[in-house]
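K.L.:
Sequence and predicted model, in that order:
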Amino acid sequence: MLWAFSIPRLKAFSLEGLSAAETIPQMQTDMNPFPKSLQRVFELIGFAATQRLVEKAGGTRVFIPKYPDSTSVLTDLIGLDAAKALAQEYGHDKIEIPRCAKLLSSVRNERIRSLRAEGWTLRALALEFGMTERAISMILKT
């Protein structure tokens with residue numbers, strides 16, 4: 001017998017759309033929270049674009065075209081203005097983007113705590129962040 005049931009579609013956690021104040025609590029956004037290997041990138045393109053780059057391409061090498069346009073992969077990742085800023089310094093080269101797992105998980109955990117304080121249930125948080133309720137509980141205990 002075949003059982004039919006629906007599984008809610010899980011949404012991967014993303015920092016996109018959050019302001020810097022929401023993503024890096026108690027930290028001034030002009031400070032560089034990224035590892036040393038990304039400091040120059042942060043200086044060139046700012047917090048939001050660097051964050052998107054880490055989220056979408058962390059752990060890989062990204063090709064920086066000499067003359068980015070609206071069709072380049074880099075432009076899709078961080079926007080045309082940021083791509084042009086990177087191209088001025090790194091054009092026609094590849095840069096390694098670290099995963100920044102500790103930074104992203106601490107930001108995610110702060111966001112979970114914040115949403116819980118707003119009244120979100122464990123189940124809603126688990127579904128929102130693609131985690132188990134037990135994992136959410138462990139984060140909230142720390």
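P.N.:
Perfect, I can see it now. Residues are numbered from 1 along each chain as shown.
K.L.:
Tell me which other helices or strands the longest helix along the chain touches.
P.N.:
Counting by DSSP state H, the longest helix found in the chain is helix 39-57. Counting contacts by 3 or more CB pairs under 8 Å, 6 or more residues apart in numbering; DSSP states H and E, helix 39-57 is packed against helix 20-23, helix 73-78, helix 80-90, strand 93-97, helix 101-117. Every C-beta, even on glycine, is put in place using the N, C-alpha and C of the backbone.
K.L.:
mind listing what's buried in the last one?
P.N.:
The one in question is helix 101-117. For helix 101-117, burial by neighbour count (16 or more other CB atoms under 10 Å) applies to 103, 104, 107, 108, 109, 110, 111, 112, 113, 115, 116.
K.L.:
Ok, stretch 77-90 next?
P.N.:
Under the neighbour-count criterion of 16+ other CB under 10 Å, stretch 77-90 has 77, 78, 79, 82, 83, 84, 85, 86, 87, 90 buried.
K.L.:
Contacts only, for the residue nearest to the third one when sequence neighbours are not counted.
P.N.:
Read it as residue 79. The shortest distance from residue 79 to any non-neighbouring residue, by CB to CB, 6 or more residues apart in numbering, is to residue 49 (6.4 Å). Residues near residue 49 by CB atoms under 8 Å, 6 or more residues apart in numbering: 78, 79, 82.
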